[in-house]
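Asks: with the sequence up front, the predicted model follows.
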Amino acid sequence: MVERSSKFLFIVVGSVLFMLILYQYVAPGMMNFGSPHGYMLEDDADLFPTPDPHYVKKYYFPIRDLERTVDFEIKGDDVIVFLHIQKTGGTTFGRHLVQNVRLEVPCDCRPGQKKCTCYRPNRKETWLFSRFSTGWSCGLHADWTELTNCVPGVLNKKESRMKNQR
């Protein structure tokens, strides 16, 4: 009889603990055991805690760099060169450049193809140099130096004429 009641007690206590953990997972922050009210009040919630005095910033970006504007003329000779960096979400961002950017003439992406054609509104020249528009024309995961040396030659060969592109 004792063995039966201990099993029952174990099942009840285990179920209560499971429900408590499940409730905290489904509704996090709704119940605060440290608060005298049992629930978090808006006064108890500290959305912006004081910064750690031991934290040292590694990178300082001046406001002028963060708020600068760059003039890009899609109808001119400007080209955006997308430098793909591995493991940084570059593939997702590169796809967004060809699929989701709202343009006068959007990139033409056909189902089943990895590359899209991204032409300027007034002529059949590409305005985007990326993995999803020109492929890996400068090699797989080309770095800044490789792209700097390779892009003008590849674009001039594609356009079949020498241009002064920005």
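Replies: The structure has been received and is ready for your questions.

Asks: from now on I want contacts and neighbour counts done on CA atoms only, so please keep to that.
Replies: OK.

Asks: for the one helix or strand residue 91 maps to, the distance to its chain's centre please.
Replies: Under the assignment given by DSSP states H and E, the secondary-structure element containing residue 91 is helix 90-99. On the basis of C-alpha atoms, centre = their mean, to the nearest Å, the separation between the geometric centre of helix 90-99 and that of its chain is 9 Å.

Asks: same check, this time on stretch 90-106
Replies: Its chain's C-alpha centre lies 13 Å from the corresponding centre of stretch 90-106 when counted by C-alpha atoms, centre = their mean.

Asks: mind checking what helix or strand follows whichever strand or helix holds residue 17 in sequence?
Replies: When secondary structure is defined by DSSP H and E, residue 17 falls within helix 2-26. Remark: after helix 2-26, the chain's next helix or strand is helix 63-66, criterion DSSP H and E.

Asks: against which helices or strands is that next one packed?
Replies: Contact partners of helix 63-66 among helices and strands, from 3 or more C-alpha pairs under 8 Å, 6 or more residues apart in numbering; DSSP states H and E: none.

Asks: now do it, average pLDDT.
Replies: Per-residue pLDDT values across helix 63-66 average out to 82.

Asks: and the contacts of whichever helix or strand comes after that helix?
Replies: Where DSSP H and E defines the elements, the next helix or strand beyond helix 63-66 is strand 80-81. The list of residues contacting strand 80-81 from outside it, by C-alpha atoms under 8 Å, 6 or more residues apart in numbering, reads 127-130.
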